[in-house]
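Student: I need the structure of the sequence given here:
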Amino acid sequence: MAVIGGGAAGMMAAGRAAELGARVVLVEKNSSLGKKIAITGKGRCNIAQAEFELRPLVEAYGKNGKFLFSVFNIFGPKQTMVFFEDRGLKLKTERGGRVFPVSDSAHDVIDILVKYMRDNGVKIFRNAEVVSLEMEGDKISEIVLKDETIAPKNIVICTGGKSYPGTGSTGDGYKWAEKMGHTLVPARPALVPIRVGDSWVKQLQGLSLKNVELSAWQGGKKKDTRFGEMLFTHFGISGPIVLDLSRKIGELLDSGEVLLSLDLKPALTDKMLDERIQRDFKKYQNKLFKNALDDLLPQKMISVIIEKSGISSEKQVNEVTREERKHLVDLLKKVEMKASGLVGFENAIVTSGGVNLKEVDPKTMKSKIIDNLYFAGEVLDLDGPTGGYNLQVAWSTGFVAGEAAVNI
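Tutor: Numbers count the residues shown, from 1 in each chain. Alright, predicted model coming up:
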């Protein structure tokens, strides 16, 4: 048996198949294994999401989530955590159910997977680029490398998507799958920063906001929304809630303009916010408007809000009219920006799109078109939000594909 791709899904698939007694070859075109694992979670590796209830876990992946019922039933977050803990990796669960190694080291995760494979006799080929997959009828007969040829009984493709191409994810699996008759859902960047056209955004570069709400609007209708943390950058916006919205925004941009609306005080109603502002204005009644917002906003944002409010920065606070104050409330609840695009695959955490799930058996990851072919990981049309969801897909589909390729 051969596994193509030495990332999260590939190492799990190879290790599991070998553990069950198969002779396994892992083919990796990079000089090292797990290059993308090494940079996940800023090098800390958010290995899983501590959501053990199957239905809410599956629902987090959107319309394609139901495909994951079977694999999560076999190898879900709980099994993933046990897998790593049994092999000596101590884990901790942080805010939002994010599971990390106590060591905060992604390399500890990679080391465990490499040891898992070696202990079970997996033969690892590094710097081994696949030239072609040769067919014989409805089966793959050979994997042609630059220097040799492999003729495995079964093959698992775990080549990832197109995100972070520097790690080796350059869409190879898509090309092979399509050539063998599979249809592809067009690949697009997901969990990616968003470009914003408004010039004032650049003034806020480096500013991080917590407990805010960002919504995507099109045609006067709210299409999606997220609550949490975001970050202003030199090109637009990033951070957890932006990344989670990016897939939807990418889809919306295909059909027209997308307006982003930022609620700086989502915990307060308009009335509550107005009362809060009145209290601040009373506290700073002898100050100028520009010096009365320190308790309400981050320092870096004050000048931007003042400019957008239309209220003179030199105006005495006690001279601000009721109408001006109401406009300020509206502004703080709805700071608008225009999304001009996504940053691209080079900065995308995952890829949305891939091998059409209708052509893959959800219980085994086996191709319904090629008799001895299996898929696992990001090459499939599966992606989820931030927080360990995407690595969980890799572990689960890899484990099931590796097991099924031996037992079938």
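Student: C-alpha from now on. contacts and neighbour counts both.
Tutor: OK.
Student: any idea where the helices of the stretch 301-408 of the chain begin and end?
Tutor: 322-333, 389-407 (DSSP state H, counting those that start in this stretch).
Student: Against Asp172, how distant is the closest residue to Asn127 other than its chain neighbours?
Tutor: Nearest non-adjacent residue to Asn127, counting by C-alpha to C-alpha, 6 or more residues apart in numbering: Lys29, 4.4 Å away. Here the criterion is C-alpha to C-alpha, to the nearest Å. By it, Lys29 lies 11 Å from Asp172.
Student: To Ala187, which of the helices of the stretch 301-408 of the chain lies closest?
Tutor: Evaluated over the helices of the stretch 301-408 of the chain, closeness to Ala187 peaks at helix 389-407, with 15.7 Å, by C-alpha to C-alpha.
Student: The residue lying closest to Thr233 once chain neighbours are set aside - how many residues pack around it?
Tutor: In this structure, Thr233 finds its nearest non-sequential neighbour in Gln205, 4.4 Å apart by C-alpha to C-alpha, 6+ apart. Residues near Gln205, counting by other C-alpha atoms under 10 Å, number 16.
Student: Correct me if wrong: Gln205 contacts Ser238.
Tutor: No: contact criterion C-alpha atoms under 8 Å: Gln205 and Ser238 do not qualify, at 10.5 Å.
Student: how does this structure divide up, domain by domain?
Tutor: According to automatic domain parsing, the chain comprises the domains 2-190+351-407, 193-343.
Student: ends of the last one, how far apart?
Tutor: According to C-alpha to C-alpha, domain 193-343 extends 6 Å from its N-terminal end residue to its C-terminal end residue.
Student: State the mean pLDDT of it.
Tutor: Average pLDDT, domain 193-343: 95.
Student: What residues does the closest residue in space to Lys123 that isn't next to it in sequence make contact with?
Tutor: Spatial nearest neighbour of Lys123, chain neighbours left out: Val25 (4.7 Å); criterion: C-alpha to C-alpha, 6+ apart. Shown in contact with Val25 (C-alpha atoms under 8 Å, 6 or more residues apart in numbering): Met1, Ala2, Val3, Ala14, Val122, Lys123, Ile124, Phe125.
Student: Assign the closest residue to Ile150 other than its chain neighbours to helix, strand or coil.
Tutor: Nearest non-adjacent residue to Ile150, counting by C-alpha to C-alpha, 6+ apart: Ile143, 5.1 Å away. Following DSSP: H, G, I helix; E, B strand; the rest coil, we place Ile143 in the strand state.
Student: Tell me if I'm right that Ile143 and Glu134 touch.
Tutor: Yes: between Ile143 and Glu134 there is a contact at 6.4 Å, judged by C-alpha under 8 Å.
Student: ok, these two, which is more surrounded?
Tutor: Ranked by neighbour count (other C-alpha under 10 Å), Ile143 and Glu134 place Ile143 first, with 20 against 14.
Student: and the more buried one, how far is that from Val25?
Tutor: As for Ile143, its distance to Val25 is 11 Å (criterion: C-alpha to C-alpha).
Student: was I right about Ala48 contacting Phe75?
Tutor: No: in this structure, Ala48 is not within contact of Phe75 by C-alpha under 8 Å, at 11.7 Å.
Student: who has more neighbours, these two?
Tutor: Ala48 (24 against 20).
Student: Dihedrals phi and psi, the more buried one?
Tutor: Main-chain dihedrals, Ala48, degrees, to the nearest 10: phi -160, psi 170.
Student: If we ignore the residues flanking it in sequence, what's nearest the residue nearest the centre of the chain?
Tutor: Geometric centre of the chain, nearest residue: Leu191, 4.2 Å, by C-alpha atoms, centre = their mean. Spatially, and ignoring its direct neighbours in sequence, Leu191 is nearest to Leu243 (4.1 Å; C-alpha to C-alpha, 6+ apart).
Student: Make sure that neighbour is indeed in a helix.
Tutor: Yes: assessed with three-state DSSP, Leu243 lies in a helix.
Student: For the residue nearest to Lys123, give me the pLDDT.
Tutor: In this model, Val25 is scored at 98, pLDDT.
Student: distance of it from Asp147?
Tutor: Distance, Val25 to Asp147, using C-alpha to C-alpha: 15 Å.
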